[in-house]
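Asks: Dropping a prediction and its sequence here:
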Amino acid sequence: MSFPRLSAGAARLAAGIALLFLASVALFWPGYVQYDSLAQYGQALSGTYDDWHPPVMARLWALFGARGQAPMMLVQLAGYWAGFGALIVALAVSGRRLAALALLIVALWPPLLGWQPVVLKDTQMLAALLAATGAIGWWRVRGAAVPPIAWAVVGILLGYAMLVRANAVFAVVPFGAMLARRQGGLPRPWQAIAGGAGTLLAILIVIGLSSVINHDLLGASRSGVERTQPTYDLAGIAVHSGATEMGLSPAAITALRRKRCVRPYFWDPLGEERRCQRDVATLAAMPVATLYATWASAALRHPIAYAGHRLAHLNATDRWIVPARWPGAQPPEANEPNTMGLLEPSKAAARWQRVAGALTDLPVGWPIVWIVIAFANLPAAASRRDGSGMLAAALLVSALSLESSFAVLSIASDLRYHLWAMVATATAVALLGRRRWRLPWVALLVLVIIAGIGARLLLPTPPQTYAGMLG
């Protein structure tokens with residue numbers, strides 16, 4: 001594998017990217033931890049793992065010993081800047097300086113960079129996928145063949161990304177399938193159907209293999225996390241329809257309604273003992289197979305109630321018709337309180353995070369906006385036959401596949417779940433370069449933004465704390 005000799009300008013740009021990596025490390029040192037981070041660090045220290053959080057991440061963390069969150073933050077920021085840096089330099093080498101500048105702006109956008117020093121499975125996934133994108137893009141953007149060693153590195157990165165977040169399979173498998181294509185351009189209808197069916201089958205296989213890897217290979221015990229999705233949806237169907245054949249009594253349904261246990265924002269009240277856990281105790285007592293069968297049956301028998309419940313959550317997680325300052329978007333300014341001696345970044349980092357938080361409520365911080373942008377750019381990317389177009393198509397398909405999965409499989413509305421889809425779409429747009437949008441897509445984007453702004457002006461501001469949202 002040979003690397004092209006960089007021009008003096010490209011070499012300076014690469015050095016500049018390295019300096020930005022070091023500057024971001026210095027600004028955010030030693031990184032942020034949240035509730036999930038503390039749980040995983042505790043597992044890494046104890047050597048006892050469960051599957052509520054990805055055991056592969058806790059296992060990786062354990063390799064660094066009792067050194068806090070800093071090593072994992074370094075992993076995340078290294079993947080982030082390596083991926084963006086490889087693409088930026090490749091674009092510059094190819095003479096596409098405007099695209100390189102656009103991508104640099106994306107990398108420096110405060111809400112995106114502000115989330116990357118937060119040690120979480122979502123940011124680990126983003127780092128791995130960005131690094132894989134950079135490894136492929138370094139060759140394809142320049143019109144060169146990807147060597148076997150690069151494919152091997154990409155395979156490792158994609159495998160880690162798939163294991164580090166449960167729903168990552170919906171982003172990674174389509175991404176890998178699109179990257180493996182030997183030529184660009186629009187496929188014939190039968191090829192598209194066959195490819196979609198093959199990708200769906202691969203997703204199902206990977207889901208099954210992930211369970212084996214997590215429990216048998218990585219030694220994670222079962223925590224019951226697989227019960228959260230059907231419990232959330234069954235409670236939602238019951239509240240919307242009043243039907244009792246799902247195992248919830250009329251008294252339980254009345255209690256769920258009275259205490260507002262089913263919330264579009266997240267499932268958490270149903271898992272809290274002091275709130276609603278006892279009201280769904282009959283679901284917790286069901287065998288897992290029975291619970292899933294009941295979930296599928298209820299969705300089929302009460303499609304309107306199911307659709308109403310899922311669409312309400314989808315709107316919440318896509319951050320469309322929601323109030324201003326919808327929680328869960330701002331990167332943290334401080335650590336979760338802990339007794340593990342984990343320090344937090346400086347006041348300068350907190351100031352950066354405050355700026356990032358202020359920007360998250362702008363339309364560029366709404367996942368729904370990026371979904372429209374991804375759909376609008378997909379036809380152009382799919383029709384391109386060059387390396388940049390093929391990579392852009394893979395990124396857009398990955399983003400849209402992940403976002404589509406939230407319509408069925410999602411129980412919380414944090415912005416961090418959408419970071420990859422937003423970054424993938426922005427990167428694809430930069431790779432495609434300047435192009436004219438068709439009028440219907442422009443009109444749809446304007447409509448989405450106007451409706452979202454109207455909601456933020458008219459709806460009351462929600463509680464700004466977890467306890468407040470929990471009720």
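Replies: That came through fine.

Asks: Who are the contact partners of the residue nearest to residue 97 when sequence neighbours are not counted?
Replies: Using C-beta to C-beta, 6 or more residues apart in numbering and skipping the chain neighbours, the partner closest in space to residue 97 is residue 91 (7.5 Å). Where C-beta positions appear, they are placed from N, C-alpha and C, glycine not excepted. Residue 91 makes contact with 97, 99-100, 103, 141, 430-431, according to C-beta atoms under 8 Å, 6 or more residues apart in numbering.

Asks: now do residue 381
Replies: For residue 381, the contacting residues are 389, 392-393, 396, 428, 432, by C-beta under 8 Å, 6+ apart.

Asks: swap the cut-off to 6 Å and go again
Replies: 389, 392-393, 396, 432 (C-beta atoms under 6 Å, 6 or more residues apart in numbering).

Asks: now residue 174
Replies: Residues near residue 174 by C-beta under 6 Å, 6+ apart: 199, 397-398, 401.

Asks: Please, which helix or strand holds the residue nearest to residue 97?
Replies: Applying DSSP states H and E as the criterion places residue 91 in helix 70-93.

Asks: Low-confidence ranges, the stretch 51-200 of the chain, go.
Replies: 185-192, 194 (pLDDT under 70).

Asks: so how far is residue 52 from residue 223?
Replies: Noted for residue 223: a distance of 4 Å to residue 52, by C-beta to C-beta, to the nearest Å.

Asks: Counting neighbours, go ahead and name the busier of the two.
Replies: Neighbour comparison, residue 223 and residue 52: the larger count goes to residue 52, with 18 against 13 (by other C-beta atoms under 10 Å).

Asks: and the more buried one, backbone torsions?
Replies: When read as degrees, to the nearest 10, the backbone of residue 52 gives phi -60, psi -40.

Asks: these two touch, right, it and residue 221?
Replies: No - assessed by C-beta atoms under 6 Å, residue 52 is found out of contact with residue 221, at 9.5 Å.

Asks: Which strand or helix spans the closest residue to residue 178 other than its chain neighbours?
Replies: Distances taken as C-beta to C-beta, 6+ apart put residue 394 closest to residue 178, at 3.4 Å, once the chain neighbours are dropped. Assigning secondary structure by DSSP H and E places residue 394 in helix 387-405.

Asks: try residue 431
Replies: Element membership for residue 431, per DSSP H and E: helix 419-432.

Asks: for whatever helix or strand comes next after that helix, what is the average pLDDT?
Replies: Going down the chain from helix 419-432, the next helix or strand is helix 439-458, by DSSP H and E. On average, the pLDDT along helix 439-458 is 97.

Asks: Helix 439-458: how far from the chain's middle?
Replies: Per C-alpha atoms, centre = their mean, to the nearest Å, the displacement of helix 439-458 from the mean C-alpha position of its chain is 23 Å.

Asks: Tell me the buried residues in the next helix or strand after that helix?
Replies: Downstream of helix 439-458, the first helix or strand assigned by DSSP H and E is helix 466-470. Across helix 466-470, burial judged by 16 or more other C-beta atoms under 10 Å covers 469-470.

Asks: Show the average pLDDT along helix 466-470.
Replies: Here the average pLDDT along helix 466-470 is 90.

Asks: just stretch 299-317 next, same as before
Replies: The predicted model assigns stretch 299-317 a mean pLDDT of 98.

Asks: Same question for stretch 254-266.
Replies: Taken as a whole, stretch 254-266 carries a mean pLDDT of 96.

Asks: check contacts around residue 360.
Replies: By C-beta under 6 Å, 6+ apart, the contact set of residue 360 is 111, 329-330.

Asks: circling back to that earlier point, and the helix holding residue 394, how far from the chain's centre?
Replies: Computed by C-alpha atoms, centre = their mean, the chain-centroid distance of helix 387-405 equals 13 Å.

Asks: can you state the direction angle for that helix and helix 70-93?
Replies: In terms of direction (axes from the mean of the first three to the mean of the last three C-alpha atoms, to 10 degrees), helix 387-405 departs from helix 70-93 by 140 degrees.

Asks: which residue sits closest to residue 154, ignoring its sequence neighbours?
Replies: Residue nearest to residue 154 in three dimensions, not counting chain neighbours: residue 132, with 4.6 Å by C-beta to C-beta, 6+ apart.

Asks: Helix or strand: which one has the one you found?
Replies: helix 121-140.

Asks: Are there helices or strands packed against that helix, and which ones?
Replies: In terms of contacts (3 or more C-beta pairs under 6 Å, 6 or more residues apart in numbering; DSSP states H and E), helix 121-140 is packed against helix 70-93, helix 148-164, helix 387-405, helix 419-432.

Asks: Buried residues, the first one. List them.
Replies: By neighbour count on 16+ other C-beta under 10 Å, the buried set for helix 70-93 is 70-77, 79-93.

Asks: doesn't residue 139 make contact with residue 391?
Replies: No - if you go by C-beta under 6 Å, residue 391 and residue 139 don't touch, sitting 9.7 Å apart.

Asks: between these two, which one's more packed in?
Replies: Ranked by neighbour count (other C-beta under 10 Å), residue 391 and residue 139 place residue 391 first, with 26 against 19.

Asks: show me the contacts for the more buried one.
Replies: For residue 391, the contacting residues are 137, 140, 431, by C-beta under 6 Å, 6+ apart.

Asks: looking at it, the last one is touching residue 390, isn't it?
Replies: No - under the criterion of C-beta under 6 Å, residue 431 lies out of contact with residue 390, with a separation of 9.5 Å.

Asks: Tell me which of those two has more neighbours.
Replies: Taking neighbours as other C-beta under 10 Å, residue 431 and residue 390 compare with residue 431 leading, 31 against 23.

Asks: can you pull the pLDDT of the more buried one?
Replies: 97.

Asks: got it, and the one 3 residues further on?
Replies: With respect to pLDDT, residue 434 scores 83.

Asks: number of nearby residues for the spatially closest residue to it that is not a sequence neighbour?
Replies: Using C-beta to C-beta, 6+ apart and skipping the chain neighbours, the partner closest in space to residue 434 is residue 98 (7.6 Å). Other residues lying near residue 98 total 12 when counted by other C-beta under 10 Å.
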